[in-house]
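Asker: pasting the sequence and the predicted model now:
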Amino acid sequence: MNIKNLFKKDYIVGLDIGSASIKIAQFKDVEGSSILVRGELQEIAISTAEGTKEKEIVSAMRYLLRGIDTKRSRVIAVINCPQTTVKKIVAPYIPISELREGIMMESKNYFPFLINDSILDFEVLGDFIEKGVRKYEILVGTCPMQTSNFYVSLLEKAGVKPAAFISSSYALQKLASKISGKSGEARCFIDIGAVYTELAICKDGALVFNRKIPVSGSDFTKAMTGLLVSDKGAVQLSMEEAEKIKRDIGLPSDDDARVIGDKLSASQVLAMLRPPAENLVNEISRCFDYYREEAAGGSVNSVTIFGGGASLTGLPKFMSDALGVTVKIGDPIEGLTLGRDAVRSGGRITHCLDLAIGASLSELKNINLLPEHIKNEIKTAIKRGTMKAVITAVIIITALFFVGMKINLGNFDKRIAAAKLELASLQPEMKNAEARRLAEMVLENEPYWESVFKELGSLIPNDITIRGFKMDNGSILMQGVVTSPDGQQILSDFISALEKGLFSDVKLVESKNLPEEGSGIEFEIKCWIDYER
């Protein structure tokens, strides 16, 4: 029974829905290895009308999703607003079912804004003992309900049903966990977007500090649109002209003597861009100071910048000189397995794909900021897939039967042998069909067990085979066997893994050795589902 593949999608798609561009990263699982088959960016036209802006976003998403079967894909989107964030907190060691209520009651101590009308989700990172008291270490995510519903509406108009929403800081943390670095080093990852700049400090892949910085790419563009008076007269650039000069010239050095388009000198461009650059550096420096206090003197070892703002020529050197730490433009595809022509624009846009790639690395059991009613919807594709697999198997077996009836006696043995080989080749599909049939029977009267099957599928080790399920009033009874000489240890580890997940009050009802000595253990486990986890 292949429970792990019952709900598996063919593709994982990360979407970064930004204010100036939409980015996509599409991955495919091939023999257990994730391959980036497509990374692309589509810019959004500058518009002040909200209705027009929304149409531009939907149009850009439809373009990026062209050729992708979204029904066979798990789409995880990054959303961003001032109140969409994650925060690492410490909470009392109380039942998991009571944690959500406890976090909501203490939210004013964690977030500088009200979260009464917000979606809240959390991920328990572990527990520890502090001064003899056991406590939880938790990562809490929150997003305004209005923002989440707005992004759901956008994706629906683009023909997409999202599997998860995550914040940009969470996407940066997921990306950081995949980018190699020295053990114990504190690394800072910064995404400089058009409207928001997200800063995340990670240590050994774990998020230890994050903050939104009120300086972004648009501040550099706006700084160049002010009236400038020189010996050549008054000059005032439009937003389009400022954006072009910012991209073409960047942040000039102090000794740059160029004249740009007979309008500006390089020194004038530097004079306009220096204030937002200094503001950005000052905000980052304050974050480092706060982290240093929290980490009892810990320092940041490196800074990696991503996003459209990272394209500003000269910015990494300016930041490095001011912060006294190495600053480089990040390459989020480094270390990934790439399909042919996966990123057609090459290095020109790869640093902008950070959040989309980080989103694709998120799992459904992680923090998910989708509205609750969407999380609990039943995916009817399970039943459709079940019927298709069963019907296909019946047709093939029936056809083989009638062909066998017509085999002449002289070739009977040879034909039977060939039929057996062909039938053997169908065994994986027939086993999958049987597993789907079992899942359909279970889910028929229990509409919210899909997440349970996903959790269970991720926990079952290779040495354990589940032979049967029985569900009743929120409980699940599992019968199976452990085929290993270390059966008792494997079974004990399996029970411990169940208790740390969605399952509670896990009990070993019965266990006994199989008749053949040393062949394994037959067991029966009963547990209950904690829907609050």
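Answerer: Arrived safely.

Asker: surely residue 91 meets residue 102?
Answerer: Yes: between residue 91 and residue 102 there is a contact under C-beta atoms under 8 Å: 6.3 Å. Heads up, the C-betas are built off the backbone N, CA and C, glycines and all.

Asker: ok, and for stretch 131-144, which residues are buried?
Answerer: Neighbour counts over stretch 131-144 (16 or more other C-beta atoms under 10 Å) mark 135, 136, 138, 139, 140, 141, 142, 143, 144 as buried.

Asker: domain assignment for the chain?
Answerer: 1-91+103-120+142-177+334-377, 180-331, 379-443, 447-533 (automatic domain parsing).

Asker: could these go into JSON lines alongside distance to residue 129 and mean pLDDT?
Answerer: Formatted as JSON lines, these follow (distance: least, C-beta to C-beta, whole Å; pLDDT from 0 to 100):
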{"stretch": "domain 1-91+103-120+142-177+334-377", "distance to residue 129": "12", "mean pLDDT": "86"}
{"stretch": "domain 180-331", "distance to residue 129": "19", "mean pLDDT": "87"}
{"stretch": "domain 379-443", "distance to residue 129": "40", "mean pLDDT": "55"}
{"stretch": "domain 447-533", "distance to residue 129": "17", "mean pLDDT": "80"}
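
Asker: quick one: which of the ones you listed is nearest residue 130?
Answerer: Proximity to residue 130 (C-beta to C-beta) singles out domain 1-91+103-120+142-177+334-377 among those, at 7.9 Å.

Asker: can you lay out the domains of the chain as a markdown table showing distance to residue 97?
Answerer: Conversion of the domains of the chain to a markdown table gives the following (distance: least, C-beta to C-beta, whole Å):
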| stretch | distance to residue 97 |
| --- | --- |
| domain 1-91+103-120+142-177+334-377 | 12 |
| domain 180-331 | 25 |
| domain 379-443 | 23 |
| domain 447-533 | 4 |
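
Asker: out of those, which comes closest to residue 128?
Answerer: domain 1-91+103-120+142-177+334-377 (8.6 Å).

Asker: so how far is the closest one off the chain centroid?
Answerer: From the chain centre to the centre of domain 1-91+103-120+142-177+334-377 is a distance of 7 Å (C-alpha atoms, centre = their mean, to the nearest Å).

Asker: cool, and stretch 120-127?
Answerer: Offset of stretch 120-127 from its chain centre (C-alpha atoms, centre = their mean): 16 Å.

Asker: residue 91 and residue 102: which has the busier surroundings?
Answerer: When residue 91 and residue 102 are compared for neighbours, residue 91 comes out ahead with 19 against 15, by other C-beta atoms under 10 Å.

Asker: the more buried one - that's part of a strand, no?
Answerer: Yes: the assignment for residue 91 by DSSP: H, G, I helix; E, B strand; the rest coil puts it in a strand.

Asker: if you drop the residues flanking it in sequence, what lies closest to it?
Answerer: By the measure of C-beta to C-beta, 6 or more residues apart in numbering, the closest residue to residue 91 outside its immediate chain neighbours is residue 136, 4.7 Å from it.

Asker: against residue 338, how distant is the one you found?
Answerer: For residue 136, the distance to residue 338 equals 39 Å [C-beta to C-beta, to the nearest Å].

Asker: before we move on, the earlier item: give me the pLDDT for the residue nearest to residue 91.
Answerer: With respect to pLDDT, residue 136 scores 90.

Asker: using the three-state scheme, assign it.
Answerer: Under three-state DSSP, residue 136 falls in the strand class.

Asker: could you do residue 128 as well?
Answerer: Put simply, residue 128 is strand when judged by three-state DSSP.

Asker: count the neighbours of it for me.
Answerer: By other C-beta under 10 Å, the residues close to residue 128 number 12.

Asker: mind listing the strands for the stretch 51-200 of the chain?
Answerer: Ranges of strands in the stretch 51-200 of the chain, per DSSP state E, counting those that start in this stretch, are 73-79, 85-92, 118-130, 133-144, 164-167, 186-192, 197-203.

Asker: and of those strands, who's closest to residue 287?
Answerer: strand 197-203 (5.6 Å).

Asker: and the closest one, what does it pack against?
Answerer: If you count contacts as 3 or more C-beta pairs under 8 Å, 6 or more residues apart in numbering; DSSP states H and E, strand 197-203 packs onto helix 168-176, strand 186-192, strand 206-213, helix 266-294.

Asker: need the contact list for the residue nearest to residue 91.
Answerer: Residues counted as contacts of residue 136 (C-beta atoms under 8 Å, 6 or more residues apart in numbering) are 90, 91, 92, 93, 94, 99, 124, 126, 127.

Asker: and it, what are its bridge partners?
Answerer: Taking DSSP bridges as the rule, residue 136 bridges to residue 91, residue 127.

Asker: what about residue 24, which SS state?
Answerer: Secondary structure assignment for residue 24 (three-state DSSP): strand.

Asker: how about it, nearest residue that isn't a chain neighbour?
Answerer: Sequence neighbours aside, residue 64 is the residue nearest to residue 24 in space, at 4.4 Å (criterion: C-beta to C-beta, 6+ apart).

Asker: in the stretch 201-350 of the chain, what residue spans correspond to helices?
Answerer: Per DSSP state H, counting those that start in this stretch, the stretch 201-350 of the chain carries helices over the ranges 217-223, 239-249, 266-294, 315-323.

Asker: next one: the second one to chain centre, how far?
Answerer: When you say that, I think you mean helix 239-249. Taking C-alpha atoms, centre = their mean, one finds helix 239-249 lying 33 Å from the centre of the chain it belongs to.

Asker: for that helix, buried residues please.
Answerer: So helix 239-249, judged by 16+ other C-beta under 10 Å, has buried residues 241, 242, 243, 245, 246, 249.

Asker: ok, now the third one?
Answerer: Within helix 266-294, the residues that count as buried by 16+ other C-beta under 10 Å are 266, 268-270, 272-273, 276-277, 280-281, 283-284, 287-288, 291.

Asker: neighbouring contacts of stretch 490-505?
Answerer: 96, 451-452, 455, 459-461, 463-464, 476, 482, 484, 506, 508, 511, 521, 523, 525, 527-530, 533.

Asker: what does stretch 262-277 give?
Answerer: 215, 219-220, 223-224, 226, 228, 230, 232, 235, 237, 245-246, 249, 251-254, 256-260, 312, 315, 318-319.

Asker: of these, grab the buried ones for PyMOL.
Answerer: Those of these that count as buried under 16+ other C-beta under 10 Å are selected in PyMOL with:
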select buried, resi 215+219+220+223+224+228+237+245+246+249+251+252+312+315+318+319
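
Asker: what sits against the residue sitting nearest the centre point of the chain?
Answerer: Against the mean C-alpha coordinate of the chain, by C-alpha atoms, centre = their mean, the closest residue is residue 362 at 2.5 Å. Listed by C-beta under 8 Å, 6+ apart, the contact set of residue 362 reads 14, 76, 164, 166, 170, 171, 174.

Asker: sec struct for it, please.
Answerer: coil.

Asker: where does it fall, phi/psi-wise?
Answerer: With angles defined as degrees, to the nearest 10, residue 362 sits at phi -80, psi 150.

Asker: for residue 235, see how far away it is.
Answerer: For residue 362, the distance to residue 235 (C-beta to C-beta) stands at 46 Å.
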